[in-house]
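**Q** next comes the sequence, and after it the predicted model I'd like to discuss.
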Amino acid sequence: MGHAKKDVQFQPLNIAVLTVSDTRTLETDGSGDTLQRCLLDSGHRLSDRQIRPDDIYELRAVVSDWIARENVQVVLVTGGTGFTVRDNTPEALLPLFDKVIEGYGELFRQISLAEIGTSTIQSRAVAGVANRTVIFAMPGSPGACRTAWEKVICEQLDVRHRPCNFVEMVLPDVSSACGSRS
């Protein structure tokens, strides 16, 4: 980690993973497997993992349940971020957000441009905060999940990352609040 805070201990978070798909099962869910492997390899805990069809109200119900739980600090959603008639993840999540993390989608698409070219314009990756829970939604391919985790999300879920990270917001007892950029 290039911008690490000195003398700050890693804080594992409880992370839930939701795969949005009308066809995948736990046996065929490469994107959910990728996210689960990434978060566990980083030292976090998997609090729940589900697969749900791309239905706005079903997605809202699952995510609403997770953000109401004190033991879930982060929700990772994969799938349903494109432009087909069955891609409804942003429409399901945006009304739940107390605050939108606009930079996430912008940064994800910028990084993806180098990997997949202009097709990244079709990604409606979104993120936000709801009830002190950070929610990241990304496209449904394992490659997109790996890119989102490795290039954006991982550092933001590490309390040692400076100058700021989301751990300081989701864990009320963390006292290493954002300070100067020095």
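**A** Alright, I've got the coordinates. Numbering: from 1, shown residues only.

**Q** residues in contact with the spatially most central residue of the chain?
**A** Ranked by distance to the mean C-alpha position of the chain (C-alpha atoms, centre = their mean), the top residue is residue 136 at 2.7 Å. Applying C-beta atoms under 8 Å, 6 or more residues apart in numbering, we find residue 136 in contact with 74-77, 104, 125, 127, 148, 152-153. No exception for glycine: its C-beta is placed from N, CA and C like everyone else's.

**Q** cool, residue 166 as well?
**A** With C-beta under 8 Å, 6+ apart, residue 166 has these contacts: 74, 129, 134, 156-157.

**Q** need the pLDDT of it.
**A** pLDDT recorded at residue 166 is 92.

**Q** distance of it from residue 135?
**A** The gap separating residue 166 from residue 135 is 10 Å, by C-beta to C-beta, to the nearest Å.

**Q** which residues are in contact with both of these two?
**A** 74, 129.

**Q** so the residue nearest to the centre of the chain, which state does it fall into?
**A** strand (DSSP: H, G, I helix; E, B strand; the rest coil).

**Q** now the two most distant members of the contacts of residue 166.
**A** Pairwise distances across these peak at 12.9 Å for 129 and 157 (criterion: C-beta to C-beta).

**Q** give me the more crowded residue out of these two.
**A** Neighbours per residue (other C-beta atoms under 10 Å) separate residue 129 from residue 157, with residue 157 holding more: 26 against 18.

**Q** what residue ranges in this structure score low on pLDDT?
**A** 1-3, 5, 174-182 (pLDDT under 70).

**Q** in CSV, list the C-alpha atoms belonging to the longest helix that it contains.
**A** In the chain, with assignment by DSSP state H, the single longest helix is helix 102-116. C-alpha atoms of helix 102-116 as CSV (Å, rounded to 0.1, in the frame of the first residue of the first chain):
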residue,chain,number,x,y,z
GLU,A,102,-19.8,9.6,-7.3
GLY,A,103,-16.1,9.1,-7.6
TYR,A,104,-16.3,5.3,-7.5
GLY,A,105,-18.1,4.9,-10.8
GLU,A,106,-16.0,7.6,-12.4
LEU,A,107,-12.7,6.0,-11.2
PHE,A,108,-13.9,2.4,-12.1
ARG,A,109,-14.7,3.5,-15.7
GLN,A,110,-11.4,5.3,-16.0
ILE,A,111,-9.4,2.3,-14.9
SER,A,112,-11.6,0.0,-17.1
LEU,A,113,-10.9,2.1,-20.2
ALA,A,114,-7.3,0.7,-20.2
GLU,A,115,-8.5,-2.8,-19.8
ILE,A,116,-11.6,-3.1,-22.0
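
**Q** so where do the strands sit in this protein?
**A** 14-20, 45-52, 74-78, 99-100, 126-130, 133-138 (DSSP state E).
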